[in-house]
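S.K.: The sequence isn't on hand, but the structure is:
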């Protein structure tokens, strides 16, 4: 993914315009936190996917940029409210909205932010708007469902692999998929192609989340950008943990339970012991196989779209570059 | 307003269907709180206005009922999130969502509830949907703005009468007005009539809020259904308080400041003293004049709508019955 290509430049410019606009809206106490949340960097991956899908089927338009803002505003709204729920202090190295302001401001500005996302779809022709919005609304509900499952899983004793995959699908993958599909719809793609690009996004998203779980244990701290083993320390029910719980020998299973229930422990010791169990069960290989399956299915969907191979190349390149993150 | 007429019956039936539907959605942890919030009674005033507007211009349809659900779901979403911000324990005598469940559930279910409101508009024909939704989205943002002003006013030393009127307009009146306008649009009213019915709702709403402030001090506890003088006890910046601060003599003004800054006091004494100041300044009459002006303007807008007098009668009756609440 080039950082300074036309699409990225157009997105950054448009976001800056939105931020400036929001900062001038009254009451400032409502809109400034939205501007703050939206200006907090990030890869702008969802609007980028939306516009890349447009380019695959025709070309990027101003109306497309509006829709790209809708998905980016919505995504940042979910982060804003998630940060309240998680009690998170920092987001991309900056104070979260509820810390910089307060929880009530974060709730109310978040609400206005979500409504504002819908406003960004108003420029579309009515028939297109109805079509796009059906995808948008369904996806927005699913993202809430994913967040709810994620919260519920934290306190549940047992989570099946299928439930976990459904959760990451809802919480993350559907919005990537919907961004692509909305771009395709606006660019005039037929229903079949719009569904195929949705499937491509969905599978890439799930594959990406599985990879994220793997990298948290087996990644390189510097390239990964997070502390290695953080998920193990916090008892997070990742795909690795669920696979280990499912397939561990009796001895390993008991040892795993021991570490999961231990309240006071040496972090390094816990990470190293649990990783050893993972290694003896072979969960990394299982997870990588699963990830590869989703990735292959994603590319199959991309291949089946009825445009030239050349037009598909940019999205293929993005998918491959995601998959090839340094382990 | 008859409680058992056709419109009311249709609304209650439809709400029950929504509640049943939501209670069967997964994850239940996300959707049951929405069903709970929606099933918590209330006058269903907004959907009623929407459907009465439809009847004024043509007739109530199923699609109209969907839109009526959209405004009612949205309204209850705002109550749900407002209750978190206010730390309220009870809503219409029942536990608030964040007390019955928890704050995180209330935030997330509230988010899903707002998205669900948008979903209720999907049955409309695309051109109508775009038109209705523009009103809906603008109104939803304004309701957030009103809530923000309301929060800010609590900690401000001075609030101008005009600012207060703008706040109650945004926080309450615009949604009543929008409900009527949406009903009119769906029923095929022309733009001028849709704007007139909006103005009618806006003015009735402001008039109603001013009356609410008056009744809090001068109402009959039993008919009003709230403790008399509650606003005085909590130093709420009502229209009476702002008028008193604006027009009080030097002596009354100082006495008012004394009561506003006193942290430990006898409630009855404070209510009685502040009411005496109100009486000596004559704020009740000033507020009633203001209320009457808005009410007259409301009826002027209603009169100007291009349908027969008979068709306007039901909404006129509702407006008059609101205005004639027992003092």
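M.R.: Here it is on my side, so go on. Everything numeric in this text was worked out from a predicted model, so none of it was measured.
S.K.: Residue A:151 touches residue B:104, doesn't it?
M.R.: Yes - if you go by C-beta atoms under 8 Å, residue A:151 and residue B:104 touch, sitting 6.8 Å apart. No exception for glycine: its C-beta is placed from N, CA and C like everyone else's.
S.K.: Overlap of the contact sets of those two?
M.R.: Counting by C-beta atoms under 8 Å, 6 or more residues apart in numbering or on different chains, the shared contacts of residue A:151 and residue B:104 are residue A:85.
S.K.: who touches the residue nearest to residue A:204 when sequence neighbours are not counted in this structure?
M.R.: Spatial nearest neighbour of residue A:204, chain neighbours left out: residue A:298 (4.5 Å); criterion: C-beta to C-beta, 6 or more residues apart in numbering or on different chains. For residue A:298, the contact set (C-beta under 8 Å, 6+ apart) comprises A:199-204, A:207, A:319.
S.K.: Now, of those residues, which are buried?
M.R.: Neighbour counting with 16 or more other C-beta atoms under 10 Å in any protein chain shown marks A:199-204, A:207, A:319 as buried within the contacts of residue A:298.
S.K.: wait, which of those is closest to residue B:168?
M.R.: The closest of those to residue B:168 turns out to be residue A:201 (C-beta to C-beta; 44.9 Å).
S.K.: chain center to the strand or helix carrying that closest one: distance?
M.R.: Using DSSP states H and E, residue A:201 sits in helix A:191-218. Centroid displacement of helix A:191-218 relative to its chain, using C-alpha atoms, centre = their mean, to the nearest Å, is 9 Å.
S.K.: For it, which residues meet the burial criterion?
M.R.: Quick answer for helix A:191-218 (16+ other C-beta under 10 Å): A:193-218.
S.K.: who touches stretch A:74-86?
M.R.: Against stretch A:74-86 from outside (C-beta under 8 Å, 6+ apart): A:33, A:37-38, A:40, A:42, A:46, A:88, A:91, A:96-98, A:103, A:106-107, A:109-110, A:113-114, A:117, A:136, A:140, A:143, A:147, A:151, A:175, B:104, B:107-108, B:111.
S.K.: Buried ones among these?
M.R.: For those, buried by 16+ other C-beta under 10 Å: A:33, A:37-38, A:40, A:46, A:91, A:96-98, A:103, A:106-107, A:109-110, A:113-114, A:117, A:136, A:140, A:143, A:147, A:151, A:175, B:104, B:107-108, B:111.
S.K.: Residue numbers of chain A in contact with chain B?
M.R.: Proximity of chain A to chain B is confined to A:26-27, A:29-30, A:81, A:84-85, A:104, A:107-108, A:110-112, A:114-116, A:118-119, A:122, A:126-127, A:129-130, A:133-134, A:137-138, A:140-141, A:144-145, A:147-149, A:151-152 under the rule C-beta under 8 Å from any C-beta of the partner chain.
S.K.: Buried ones from the residues you listed, can you make that a ChimeraX selection?
M.R.: To isolate the buried members of these in ChimeraX, using 16+ other C-beta under 10 Å:
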select /A:27,29,30,81,84,85,104,107,108,110,111,112,114,115,116,118,119,122,126,129,130,133,137,140,141,144,145,147,148,149,151,152
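S.K.: Return the subset of the residues of chain A next to chain B lying in helices.
M.R.: Counting by DSSP state H, the residues of chain A next to chain B place A:29-30, A:81, A:84-85, A:104, A:107-108, A:110-112, A:114-116, A:118-119, A:126-127, A:129-130, A:133-134, A:137-138, A:140-141, A:144-145, A:147-149, A:151-152 in helices.
S.K.: Find the nearest non-adjacent residue to residue A:282, please.
M.R.: That would be residue A:247: by C-beta to C-beta, 6+ apart, it lies 7.8 Å from residue A:282.
S.K.: Equivalent analysis for residue A:240, please.
M.R.: In space, residue A:240 is closest to residue A:283, 4.8 Å off (C-beta to C-beta, 6+ apart).
S.K.: and that neighbour, what does it touch?
M.R.: With C-beta under 8 Å, 6+ apart, residue A:283 has these contacts: A:239-240, A:243-244, A:247.
S.K.: Give me the helix or strand of chain A that scores worst on average pLDDT.
M.R.: Here the helix or strand of chain A ranked lowest by mean pLDDT, DSSP states H and E is helix A:221-224, holding a mean of 72.
S.K.: ok, then the element right after that helix?
M.R.: Heading C-terminal from helix A:221-224 (DSSP H and E), you reach helix A:230-233.
S.K.: Model confidence for the residue sitting nearest the centre point of chain A, exactly?
M.R.: Note on chain A: the residue nearest the mean C-alpha position is residue A:172, at 3.8 Å, using C-alpha atoms, centre = their mean. Residue A:172 carries a pLDDT value of 96.
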